[in-house]
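1. Could you work out the structure for the sequence below:
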Amino acid sequence: MAPIDLLIGRPTPRLQAADKLAVASQKVLLKPEKSDWALTYGPDHGEDDIRDHVGAWLTQKYKSASSPITRDRVIITNGASGALIAILQKFTDPLYTRRMFLVEPTYFLALQSFLDAGLGPKMQGVPEDDEGIDLEFLQARIDEEERKHADNTPGVDVPSTKLESHGYRKLYKYALYVVPTLSNPSGKTMSLHHRKALVELARKYDILLIADDVYDFLAWPADDTIPHKDLELPPRLIDIDRQTPGISEWGNTVSNGSFSKLAAPGLRAGWCEAAPNFIYDLSTTGATHSGGCQSQYTSYLLDDMLVSGVLEDHVQNTLIPIYRKRYNALVDAIKTYLYPLGIKISTGNPYEIRAKDDKDSDVRTQLAGGFFLYIDYPYDEAFPTAADVIRIGRDEFSLRIASGELFTVKGDPESLKRAHVTFNRGTRLCWAWNEEQVLVEAIQRLAKTIERAKE
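-> You can find the predicted model right below:
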């Protein structure tokens, strides 16, 4: 029995744009006017022309943007993971920053970055609700911290080691990490109401909202009869912050984007968008200040694909159609083989967006996409434990699935307690790696695993 992995969260190698990158490489490397610059240390922000092109692309993709996204709001990065580390290094401090909030269930591979930044003791999970984040829970935790500081609780106010004279012009009192659209791991999309309310909270309490916006462009209508082109994307937290009167000179949001999901993970290239002051200071982190643009060569390749339209064509005509078929195959298999066992897809409140039908008329539909969905096991004492499902699936059916507790917030003991009564009664499933027939077989094996565990 060939192993099947539903935990792995990456694209199938055949979807990596190798042929298109080969063409772009030739165009860059065989022209000295490009290769001379592509192969040297680049400007700390990335090349101005490339930043212009990324800004124009984002403006076109996010139709909710009320004005053009200019180059001073964009920095070229070495991918979302590298950018996250740089953001934490520059704008948080393990002494000064009061809390590092993470929406739970959380992207488990990001956790080490927060630990490396010294924020382990400050990390605290904030549960999702059906609209993407439990705002009442977050407010209560902030109130608790504010009371400690108002009461001058001993040991609470500790001076920062990151001094303004050393280039740390802005540190945030709080930070919050979230994947607002097509979240990893839950697949949920945060409601517009919660997005606006979260930005208001961020401004009131000096919170930096770090948004992983890496799945936004892999979106399609849940209604399979509606084309995916001309789909309206949800406004990002940064769009709301930028367009709402009262934004500070630093802003309270940063959008972390990546080409990994669109072209190939090994390129290690992405971008951040934020207020100009924020972007400038982000470009002064140690690695960037020493080595220049963190993805100088690969940014030239991606820029060629972006300007020529090759990248957009790859996303619209290769990635989304294939992912959409895999998603449908996975959902249909879950409904066929797992729904009779009491297992359901965890969706939260669906996010409604505008799209065009085949006759170019405006229609309303629900948003789907990304890489992941979450299934919930029934709250039934007779149902097998998550640990038994994982063990039997692995040992008897060569099936690898995630433990729900994998997505807890380390350093927050309450996160694990919450997991045991919520998202550990289920698991994340990925459709990006496996072909359609393999996904169907995987769900059949999962159904057999559960039947076996009941014996």
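
2. Report how many residues lie close to the nearest residue to C293 once chain neighbours are set aside.
-> In this structure, C293 finds its nearest non-sequential neighbour in G42, 3.2 Å apart by Cβ to Cβ, 6 or more residues apart in numbering. (C-beta placed from N, C-alpha, C; glycine too.) By the measure other Cβ atoms under 10 Å, the count of residues near G42 is 22.

3. Next, give phi and psi for G42.
-> Phi and psi for G42, reported as degrees, to the nearest 10, are phi -100, psi 170.

4. Check what pLDDT it gets.
-> G42 is assigned 94 on the pLDDT scale.

5. Please verify my assumption that it contacts S299.
-> Yes: look at G42 against S299 with Cβ atoms under 8 Å: they come within range, at 7.4 Å.

6. Find residues that contact each of those two.
-> Common contacts of G42 and S299 (Cβ atoms under 8 Å, 6 or more residues apart in numbering): 76, 293.

7. ok, back up a step: if I pick the residue nearest to C293, what's in contact with it?
-> By Cβ under 8 Å, 6+ apart, the contact list for G42 reads 76, 292-293, 296, 299.

8. repeat that with 10 Å
-> Applying Cβ atoms under 10 Å, 6 or more residues apart in numbering to G42 gives the contacts 50, 76, 288, 291-297, 299-300.

9. now S248
-> The contact partners of S248, by Cβ under 10 Å, 6+ apart, come to 170, 203, 206, 241, 275, 277-278.

10. okay, those residues in TSV with distance to D332 and pLDDT next?
-> As requested, the contacts of S248 are exported to TSV (distance: Cβ to Cβ, whole Å; pLDDT from 0 to 100):
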residue	distance to D332	pLDDT
K170	49	96
R203	44	98
D206	47	97
D241	39	96
A275	44	97
N277	49	98
F278	44	98
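
11. out of those, which are buried?
-> With neighbours counted using 16 or more other Cβ atoms under 10 Å, the contacts of S248 contain these buried positions: 170, 203, 206, 241, 275, 278.

12. can you redo the residues you listed as a markdown table with distance to V103?
-> Listed next are the buried ones among the contacts of S248 as a markdown table, based on distance: Cβ to Cβ, whole Å:
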| residue | distance to V103 |
| --- | --- |
| K170 | 23 |
| R203 | 19 |
| D206 | 19 |
| D241 | 17 |
| A275 | 23 |
| F278 | 21 |
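
13. okay, those in JSON lines with secondary structure and distance to L341 next?
-> Formatted as JSON lines, the buried ones among the contacts of S248 follow (DSSP: H, G, I helix; E, B strand; the rest coil; distance: Cβ to Cβ, whole Å):
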{"residue": "K170", "secondary structure": "coil", "distance to L341": "51"}
{"residue": "R203", "secondary structure": "helix", "distance to L341": "46"}
{"residue": "D206", "secondary structure": "coil", "distance to L341": "47"}
{"residue": "D241", "secondary structure": "helix", "distance to L341": "43"}
{"residue": "A275", "secondary structure": "coil", "distance to L341": "49"}
{"residue": "F278", "secondary structure": "helix", "distance to L341": "48"}
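
14. so what secondary structure elements neighbour the one helix or strand M305 maps to?
-> M305 is located in helix 296-308, with elements delineated by DSSP states H and E. Helices and strands touching helix 296-308, by 3 or more Cβ pairs under 10 Å, 6 or more residues apart in numbering; DSSP states H and E, are helix 18-29, helix 32-38, helix 48-61, strand 74-77, strand 270-273, helix 310-314.

15. Just give me the neighbour total for the spatially closest residue to S35 that is not a sequence neighbour.
-> Leaving aside its sequence neighbours, S35 sits nearest to L29 (Cβ to Cβ, 6+ apart; 5.0 Å). Residues lying near L29 (other Cβ under 10 Å) number 15.

16. And the helices and strands packed on helix 296-308: which comes nearest Y323?
-> Closest of the helices and strands packed on helix 296-308 to Y323 is helix 310-314, at 12.2 Å (criterion: Cβ to Cβ).

17. Return the distance of that closest one from the chain's centre.
-> Its chain's C-alpha centre and that of helix 310-314 lie 21 Å apart, by Cα atoms, centre = their mean, to the nearest Å.

18. Walk me through the domains of this structure.
-> 4-13+312-454, 18-309 (automatic domain parsing).

19. Just name the most buried of the ones you listed.
-> domain 18-309 (a mean of 19; mean count of other Cβ atoms under 10 Å).

20. Sheet partners, orientation included, of the longest strand anywhere in the chain?
-> Assignment by DSSP state E gives strand 362-369 as the longest strand of the chain. Looking at strand 362-369 with DSSP bridges, its partner strands are strand 219-221 (antiparallel), strand 352-356 (antiparallel).

21. who's in contact with the last one?
-> Read it as strand 352-356. With contact meaning Cβ under 10 Å, 6+ apart, strand 352-356 is reached by 63, 189, 191-192, 219-223, 226-234, 361-367.
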